[in-house]
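Chemist: Quick one, structure for this:
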Amino acid sequence: WNVSGGSVHQYGDTNNPKITVFKAPGGGASGTIAGAGVLIFDLRNATVDMQFSGTLTFTGLVILIGNPAGHEVKWRHALPITGAILLTGTTPKWETSNTLKVHYSCAAINMAFQIPKLHGNYIVADWWE
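Modeler: Residues are numbered from 1 along each chain as shown. Predicted structure coming up:
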């Protein structure tokens with residue numbers, strides 16, 4: 001999950017959303033992450049925090065799976081996220097050093113769930129707006 005360098009690392013767009021997973025053990029990365037679809041940060045096996053010094057711009061569903069040790073995802077420059085953020089697992093933590101704006105969007109969440117790999121592979125157990 002090394003996204004170093006000054007370029008933009010694009011993971012899907014609204015016409016072609018992707019499922020992207022950043023898995024522990026953790027570490028640091030720079031660069032800009034942009035995309036659309038489902039973005040998962042899996043900290044279940046983290047030994048250190050995931051630290052990103054670049055920017056994040058995303059449309060869709062962002063999921064952070066926490067771990068018992070309390071490791072976290074840290075962003076230096078988190079730009080607007082359009083859709084939703086879901087914190088799950090044990091002790092999920094998300095920290096930004098600037099103002100994080102989440103623009104809730106049913107349309108963006110629906111777009112994320114239209115990814116063919118997700119069809120028939122999830123169950124909505126509860127929902128509210």
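
Chemist: Now the nearest residue to Y11 once chain neighbours are set aside: which helix or strand?
Modeler: The shortest distance from Y11 to any non-neighbouring residue, by Cβ to Cβ, 6 or more residues apart in numbering, is to G35 (3.4 Å). To be clear about C-beta, it is placed using only N, CA and C from the backbone, and glycine gets the same treatment. For G35, the element it lies in under DSSP states H and E is strand 32-42.

Chemist: Report all helices and strands that that strand contacts.
Modeler: Packed against strand 32-42 by the contact rule (3 or more Cβ pairs under 8 Å, 6 or more residues apart in numbering; DSSP states H and E) you find strand 8-11, strand 18-23, strand 50-66, helix 106-112.

Chemist: now, of those, which is deepest in the fold?
Modeler: Highest mean neighbour count of these: strand 50-66, a mean of 21 (counted as mean count of other Cβ atoms under 10 Å).

Chemist: what's the angle between it and strand 32-42?
Modeler: If you take axes from the mean of the first three to the mean of the last three Cα atoms, to 10 degrees, strand 50-66 sits at 40 degrees to strand 32-42.

Chemist: I'd like the next helix or strand past strand 50-66.
Modeler: Once the chain leaves strand 50-66, the next helix or strand it forms, by DSSP H and E, is strand 73-89.

Chemist: Point out the other helices and strands that the helix or strand that that next one is followed by packs with.
Modeler: Later in the chain than strand 73-89, the nearest helix or strand by DSSP H and E is strand 94-96. Contacts defined by 3+ Cβ pairs under 8 Å, 6+ apart place strand 94-96 against strand 73-89.

Chemist: per-residue confidence at E129?
Modeler: pLDDT, E129: 61.

Chemist: Equivalent analysis for V8, please.
Modeler: On pLDDT, V8 comes in at 78.

Chemist: Then the one 3 residues further on?
Modeler: The predicted local confidence for Y11 comes out at a pLDDT of 90.

Chemist: about what we covered before: nearest to R76, of the helices and strands packed on strand 32-42?
Modeler: Closest approach to R76 among those (Cβ to Cβ): strand 50-66, 4.7 Å.
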